[in-house]
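*Asks:* Got a sequence here, can you model it:
(one chain, ligands or ions: 1)
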Amino acid sequence: MHVLILGGTTEARRLAELLHGTPGLELTSSLAGRVAGPRLPPGRTRVGGFGGTPGLAAWLREHRVDALVDATHPFAGTMSFHAVRAAADAQVPLLALRRPGWTPVEGDRWHPVGSLEEAAGALPALGRRVFLTTGRMGLAAFAGLDDLWFLVRSVDAPEPPYPARMEVLLDRGPFTLDGERELLRRHRVDVVVTKDSGGAATAPKLAAAREARLPVVVVRRPPVPEGVPAVPDAESAARWVTGRR
Ligand code: NAP
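*Replies:* You can find the predicted model right below:
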């Protein structure tokens with residue numbers, strides 16, 4: 001049985017770890033190739049786009065894939081739609097591994113917005129020193145905010161256009177509450193921007209912001225395709241896969 005995992009997330013890697021070595025199971029993890037030195041899952045990996053829905057459908061057929069797991073990031077909206085169409089086309093069963101979003105708790109000062117552009121529009125009224133954790137893609141949305149200073153945290157260095165007053169911190173999760181607290185304090189951050197990525201690895205910034213009573217601009221998730229069976233974690237996805245053998 002050949003399983004293709006569309007990855008690029010902690011959960012996708014965890015799923016590969018859980019399935020790796022299962023007798024009778026052949027595993028391929030697919031990465032988009034956005035990160036220069038990705039953390040690779042065990043088993044076979046392939047890197048780079050498929051060439052849209054037709055490319056993915058052709059790949060599924062050519063490599064005799066028996067089950068497809070879309071374990072991409074909640075903000076990788078395009079790929080999730082491609083997965084649905086390609087799976088239908090190639091008649092391959094599809095499961096979505098969708099990590100739940102975050103929910104605010106008492107003390108949070110969240111400002112939900114629909115896009116990075118909207119986040120940029122909200123910032124001048126909320127603070128002057130911004131901790132921007134939305135990744136290196138999409139920094140153009142913040143490029144015109146010359147009065148604000150940004151601490152940008154990303155895995156790889158961003159490319160222009162980006163904000164004029166910016167310090168880059170190259171790092172990747174998981175992060176700790178102590179570390180996030182110290183970061184906010186040292187850089188005198190007064191507002192945080194995040195995507196609603198969900199998951200534990202990057203959640204400590206939310207707790208640190210809550211403690212410091214800082215506003216957090218939270219970018220809502222893009223829509224996901226409807227009607228796809230979905231599970232919230234890698235363990236459930238592994239059960240779905242092994243149950244199909
Ligand atoms: P996207 O907008 O949904 O996809 C854009 C294109 O990238 C797709 O059409 C596809 O190209 C290719 N692609 C995406 N995921 C792929 C995968 N797992 N394997 C092979 N090709 C893939 O995705 P994105 O937001 O650019 O994210 C790219 C990758 O980074 C995803 O795998 C995602 O899990 C990971 N990631 C994204 C974020 C985020 O905030 N967006 C955060 C962390 C990790 P073709 O059409 O040519 O097949």
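
*Asks:* make it CA atoms for all contacts and neighbour counts henceforth
*Replies:* Will do.

*Asks:* Report the buried residues of stretch 88-99.
*Replies:* Judged by neighbour count (16 or more other Cα atoms under 10 Å), stretch 88-99 contains these buried residues: 89-90, 92-99.

*Asks:* could you pull out the helices for the chain?
*Replies:* For the chain, the helices defined by DSSP state H occupy 10-19, 52-62, 77-90, 116-122, 177-186, 204-211, 234-242.

*Asks:* Could you point out which of those helices sits nearest residue 32?
*Replies:* helix 77-90 (9.6 Å; Cα to Cα).

*Asks:* rewinding a little: please convert the helices of the chain to a markdown table, extending it with mean pLDDT and distance to residue 146.
*Replies:* Below are the helices of the chain laid out as a markdown table (pLDDT from 0 to 100; distance: least, Cα to Cα, whole Å):
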| stretch | mean pLDDT | distance to residue 146 |
| --- | --- | --- |
| helix 10-19 | 98 | 35 |
| helix 52-62 | 98 | 37 |
| helix 77-90 | 97 | 30 |
| helix 116-122 | 98 | 11 |
| helix 177-186 | 98 | 21 |
| helix 204-211 | 98 | 23 |
| helix 234-242 | 98 | 42 |
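
*Asks:* want to try a markdown table for those helices, with distance to the ligand as columns?
*Replies:* Output for those, formatted as a markdown table (distance: least, Cα to the nearest ligand atom, whole Å):
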| stretch | distance to the ligand |
| --- | --- |
| helix 10-19 | 8 |
| helix 52-62 | 3 |
| helix 77-90 | 4 |
| helix 116-122 | 11 |
| helix 177-186 | 19 |
| helix 204-211 | 16 |
| helix 234-242 | 14 |
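
*Asks:* rewinding a little: tell me which of the buried residues of stretch 88-99 fall in strands.
*Replies:* The strands, defined by DSSP state E, take in 94-97 from the buried residues of stretch 88-99.

*Asks:* out of those residues, who's nearest the ligand?
*Replies:* Distance to the ligand, by Cα to the nearest ligand atom, is smallest for residue 97 among these, at 10.9 Å.

*Asks:* Quick check: that closest one touching residue 235?
*Replies:* No. Taking contacts as Cα atoms under 8 Å, residue 97 lies outside contact range of residue 235: 9.9 Å.

*Asks:* do you know which of the helices of the chain lies nearest residue 36?
*Replies:* helix 10-19 (16.4 Å).
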